[in-house]
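Chemist: Any chance you could fold what I've pasted below:
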Amino acid sequence: MVKNLGLMNTYWAMILPGAIGTYNMIVIKSFFENLPNDLFESARIDGASEFRVLWQIAIPLSRAVMMTVGLFYAVGHWSTYFPAIMYISDEKMHTLQVVLRKLLNNNPELNMNVDTVVPTQTMQMASVIFSTVPIILVYPFIQKYFTKGVMLGAIKG
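Modeler: Down below sits the predicted model:
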């Protein structure tokens with residue numbers, strides 16, 4: 001499908017196939033189903049349009065679940081490996097995880113122009129830390145929404 005759409009060697013090839021996850025859609029759907037209809041009815045009685053109800057009532061109430069799903073997508077796209085090796089052949093467009101894999105395999109194609117020789121294991125551990133630091137830095141700011149969002153959007157029997 002990606003090849004037929006002409007998306008090979010583009011960043012869209014890695015973004016579009018995973019744009020909507022079924023689990024995330026179920027979490028968001030169940031969250032919106034559990035919102036009380038009285039809020040929306042009272043806004044409509046006060047003369048609010050559907051657009052205003054969405055932007056001033058539904059979206060602010062769904063901040064926790066949206067941040068949770070956003071974190072799921074961010075981590076998923078950040079650590080993507082398979083689509084990058086499958087859809088991207090241009091080495092300039094390879095993701096961090098592909099370069100990290102080359103480094104961990106001691107690939108001689110990875111030409112690092114350094115004057116000093118760095119021990120292999122040191123370089124491997126540094127690259128692992130380098131790839132995890134962005135997610136570790138973002139998570140503390142989203143943690144309060146994450147716990148709340150997972151519980152609010154959980155499927156209730």
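Chemist: ok, residue 103 touching residue 123?
Modeler: Yes - in this structure, residue 103 is within contact of residue 123 by Cβ atoms under 8 Å, at 6.5 Å. C-beta here means a position set from N, CA and C on the backbone, and glycine is covered the same way.
Chemist: The longest helix along the chain packs against which elements?
Modeler: If you go by DSSP state H, the chain has its longest helix at helix 120-152. Contacts of helix 120-152 with other secondary structure elements, assessed using 3 or more Cβ pairs under 8 Å, 6 or more residues apart in numbering; DSSP states H and E, are made with helix 22-33, helix 63-78, helix 96-104.
Chemist: measure the spatially closest residue to residue 128 that is not a sequence neighbour to residue 123 for me?
Modeler: Closest residue in space to residue 128, ignoring its immediate chain neighbours: residue 100 at 7.2 Å, by Cβ to Cβ, 6 or more residues apart in numbering. With the distance defined as Cβ to Cβ, to the nearest Å, residue 100 ends up 10 Å from residue 123.
Chemist: and if you look at residue 48?
Modeler: Noted for residue 48: a distance of 58 Å to residue 123, by Cβ to Cβ.
Chemist: Could you do residue 65 as well?
Modeler: Relative to residue 123, residue 65 is positioned 40 Å away (Cβ to Cβ).
Chemist: go on, residue 142?
Modeler: Per Cβ to Cβ, residue 142 is found 31 Å from residue 123.
Chemist: repeat for residue 3
Modeler: 35 Å.
Chemist: For this structure, give me the ranges with low pLDDT.
Modeler: Scanning the chain for pLDDT under 70 picks out 106-120, 145-157.
Chemist: ok so, going back, quick one: which of residue 3 and residue 123 has more around it?
Modeler: Looking at residue 3 and residue 123 with other Cβ atoms under 10 Å, you find the greater number of neighbours at residue 123, namely 17 against 9.
Chemist: Return the residues in contact with the more buried one.
Modeler: The neighbours of residue 123, taking Cβ atoms under 8 Å, 6 or more residues apart in numbering as the test, are residue 103.
Chemist: Burial check on residue 51, number of neighbours?
Modeler: Residues lying near residue 51 (other Cβ under 10 Å) number 8.
Chemist: give me phi/psi at it?
Modeler: Phi and psi for residue 51, reported as degrees, to the nearest 10, are phi -60, psi -40.
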